[in-house]
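Asks: Show me the folded form of this:
(2 chains)
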Amino acid sequence: MQMIKQYADITGCSTERDRGLNMDIKQALLFLTENCKPAVASGVLTADDRVSFRDGDNVWITRNGADISSLTESDLITFDVKGKFSYSDRIAEIHCVLYAKHKRLGAIVNSRTQYSLSVSRTGETVRPYVDDIAQIAGIDIKCIEHADTGRIKSLIKRRSALLLKDSGSMCADISLDDALATVMITEKACRIHIQSRYLGGAKPINVIESALMRFIYLKKYSKIKY
Amino acid sequence: MNKNLISAAQRDICAAGLRLVKEGLVARTWGNISIRIDEQTMAITPSGVKYEDVRPEHIVIINLKDGSYDGDVKPSGERKLHMEIYKKQPGAGAIIHTHQLNASVCSAARKDVPVVSAADRKILSTEIVRCGAYGLPGTGKLTSETVKAVGSSRCALMANHGAVCIGKDIDEAFAVSRVLEKVCEEFIGKCFMDATGLKNADDKTICGHYGMQYGKR
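Replies: Modelled structure (predicted):
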């Protein structure tokens, strides 16, 4: 995705997970603006989506209700992953829990794109209908209640995407670039899930082959030690 | 081998990769592109490199007869599919494998797609776009089933995978992919309207119907 403004361009560090530098609010705003604005313009995200990224021990997240296509400093919240979470913000709280639990995560995006939102309202599980879904998102995309923090933590261990009931998708990956790619694939998966019903239904790739594709993908791109 | 032809093919593939991403036909490292250089050789995208990062020196030159290549850069895992299509279709000059949206929906449903308009039939060289049987990526089964589905046409769907589009040159291959996307979109719309009795099939209507039908059970 050419639109991605790399973290390195702004900070000099190689990834968001680089522990060498903690951003100030101006750098965080620049990084998010350079990535979110084009993502909204190209339809990958909607303006009221939530985006966070890890920066050392800190996490930066856009505020609930912020328009991510025109962010200002007041639209950002930061918190310490190891500290006590003190905001009354369920999405930010989930992000905090996930960053604390899964060290590999560098960015998390909650998106309300059309097809993802529609499937999240029905609560159905989306299967890997094409190979890039299996590779990028995981062996399936389950729909979970917001309150079920334990299940969310557990599912994100081996998946990069899930649906939050009535709220669209939540995609978590090692970098913002990867998380945005997962948002795209999750939306594509939900589109196939819905539209294929009217073609007689899609036949998903079986679980073993899906798991194999996911494993090879993660190994090939050295994303995590599985 | 003519070095000028090789250099031109390598440059054209780099440009085509960026075009593929820009037109939304693939993202990141997915899909692949090849150009026939002469009767014995083709140039193809490398494996696992983002299109934005691909440089002409990354494009791999493959011997069409035995699949051999020089250098350390690993070619696309679907190179055998490209090789077989060039062997079967002497007029093919460029091939792109895409993960385009509407074709992906039809490929996941494993449906053959009828081509309604005469103009589209002419571009795709077929009355029905066939969907090849499922095979794991990079396997001989995927190659043979896709080649069978292509036949003498300019495109085919690959079950649970995407589409392959063929042209006498890269511009024509892109034209085929655009027409294929339109034909698949029309097919999905027709199936939706036939199944629901509704008069249009835009995203909002489809999502709305799905929500009504499956939302409160």
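
Asks: Tell me the buried residues in the biggest helix by length in chain B?
Replies: Looking across chain B with DSSP state H, the single longest helix is helix B:170-196. In terms of neighbour count (16 or more other Cβ atoms under 10 Å in any protein chain shown), helix B:170-196 has its buried residues at B:170, B:172-177, B:179-181, B:183-189, B:191-192, B:196. For the C-beta atoms, the positions are set from N, CA and C on the backbone; glycine is no exception.

Asks: Kindly identify which of those residues also come near chain A.
Replies: B:Phe187, B:Ile188, B:Cys191, B:Phe192, B:Thr196 (Cβ under 8 Å from any Cβ of the partner chain).

Asks: Export the residues you listed as JSON lines, with columns for distance to A:Ser86.
Replies: JSON lines is the format used below for those (distance: Cβ to Cβ, whole Å):
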{"residue": "B:Phe187", "distance to A:Ser86": "53"}
{"residue": "B:Ile188", "distance to A:Ser86": "48"}
{"residue": "B:Cys191", "distance to A:Ser86": "51"}
{"residue": "B:Phe192", "distance to A:Ser86": "48"}
{"residue": "B:Thr196", "distance to A:Ser86": "49"}
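
Asks: Of these, which is the nearest to B:Ile206?
Replies: Nearest to B:Ile206 among those is B:Phe192, at 5.9 Å by Cβ to Cβ.

Asks: What score does the closest one have for pLDDT?
Replies: pLDDT for B:Phe192: 98.

Asks: What is the burial count for A:Gly43?
Replies: Other residues within reach of A:Gly43 by the criterion other Cβ atoms under 10 Å in any protein chain shown amount to 12.

Asks: Is it correct that it falls within a helix?
Replies: No: counting by DSSP: H, G, I helix; E, B strand; the rest coil, A:Gly43 is not part of a helix but coil.

Asks: residues touching it, list them.
Replies: A:Thr113 (Cβ atoms under 8 Å, 6 or more residues apart in numbering or on different chains).

Asks: mind checking pLDDT for it?
Replies: At A:Gly43, the model reports a pLDDT of 90.

Asks: phi, psi of B:Leu124?
Replies: When read as degrees, to the nearest 10, the backbone of B:Leu124 gives phi -90, psi -10.

Asks: Chain neighbours aside, what residue packs nearest to it?
Replies: Distances taken as Cβ to Cβ, 6 or more residues apart in numbering or on different chains put B:Arg154 closest to B:Leu124, at 5.1 Å, once the chain neighbours are dropped.

Asks: quick one: the one you found from B:Ile170, how far?
Replies: 13 Å (Cβ to Cβ, to the nearest Å).

Asks: just to revisit the earlier point, just checking, next helix/strand downstream of the longest helix of chain B?
Replies: Next along the chain after helix B:170-196, taking DSSP states H and E as the criterion, comes helix B:203-214.

Asks: That next one and chain A, are they touching?
Replies: Yes: counting by Cβ under 8 Å from any Cβ, contacts between helix B:203-214 and chain A involve B:Asp203, B:Lys204, B:Ile206, B:Cys207, B:Tyr210, B:Gly211, B:Tyr214.

Asks: Now do that helix against helix B:170-196, angle only.
Replies: Interaxial angle of helix B:203-214 relative to helix B:170-196 (axes from the mean of the first three to the mean of the last three Cα atoms, to 10 degrees): 40 degrees.

Asks: Now do helix B:203-214: everything it contacts.
Replies: Against helix B:203-214 from outside (Cβ under 8 Å, 6+ apart): A:114-115, A:117-118, A:121-122, A:124, A:194-195, A:197-198, B:192, B:196, B:198.

Asks: I'd like to know which of the residues you listed is nearest to B:Tyr86.
Replies: A:Gln195 (33.0 Å).

Asks: burial count for A:Ile91?
Replies: By other Cβ under 10 Å, the burial measure for A:Ile91, its neighbour count, is 19.

Asks: repeat for B:Thr146
Replies: B:Thr146 has 26 nearby residues by other Cβ under 10 Å.

Asks: Need the max-distance pair from the ones next to chain A among the buried residues of helix B:170-196.
Replies: B:Phe187 and B:Thr196 (15.0 Å).

Asks: My guess is A:Ile156 contacts A:Ala100. True?
Replies: No: here A:Ile156 does not reach A:Ala100: they are 11.8 Å apart, not a contact under Cβ atoms under 8 Å.
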